[in-house]
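Visitor: Structure of the sequence below:
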Amino acid sequence: MKPSMHAMDVRVLKKRLEKEEVVLLDVRTPAEYSKIHVEHATLLPLDSVDDKTIEQLKESVNGQEICAMCLSGRRAALLARKLLDAGFKKVSILQGGIRSWEDAEFPLVRRKGSIAVERQVRMLVGLVILVSCASLWFMPTQPEWWLAVPGFLGLGLFFSGITGFCGLNKILRKMPWNR
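Guide: Numbers count the residues shown, from 1 in each chain. Below is the predicted model:
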């Protein structure tokens, strides 16, 4: 029977962290982590996890239980599944993510960080559409194909809403200010 992940309550996690019984992995982006994180959490961005990283993790945790966390729990569950598939036996996710830690009023390390990637996507799409519309308004001799720019972005947003996949989000996560 395959080991399964379970959700760990925030109060249980806090007690176990104090006793050093669990390793807490934060799978959010470096930008998210630098803005706010749990003091004892180790940053391990989900998009950087490969076979080599998993092997290094096996050596460093030495059989200790791992608890993965993110903002709400979705990315943590993806990492937990990867770790369980790689042979880890004790893997859990923080129920409710960092939001539950904050709601419990446990201490957090806060710094001024960059703007969240989701907001960057909205800002960039809005700016490109605004510039496209302004250029059509102020330069009426623009060719009609210029309307393809806001049309393409609108199609991208529609596709993202249906599938949950946002290519622009993936691209912006790789930018130096989000690392």
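Visitor: Tell me, how many residues neighbour residue 49?
Guide: Residues near residue 49, counting by other CB atoms under 10 Å, number 18. Heads up, the C-betas are built off the backbone N, CA and C, glycines and all.
Visitor: List the contacts of it.
Guide: Contact analysis of residue 49 by CB atoms under 8 Å, 6 or more residues apart in numbering lists 27, 79, 82.
Visitor: I'd assumed residue 45 was in contact with the first one.
Guide: If I follow you right, that is residue 27. Yes: with contact defined as CB atoms under 8 Å, residue 27 counts as touching residue 45 (6.4 Å).
Visitor: For those two, indicate the residue with more neighbours.
Guide: residue 27 (28 against 21).
Visitor: got the contact list for that one?
Guide: Here residue 27 is in contact with 44, 45, 46, 49, 68, 69, 70, 75, 76, 78, 79 (CB under 8 Å, 6+ apart).
Visitor: Rebuild those residues as CSV, extending it with distance to residue 153.
Guide: Shown next, in CSV, are the contacts of residue 27 (distance: CB to CB, whole Å):
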residue, distance to residue 153
44, 32
45, 27
46, 26
49, 30
68, 33
69, 33
70, 27
75, 25
76, 31
78, 27
79, 31
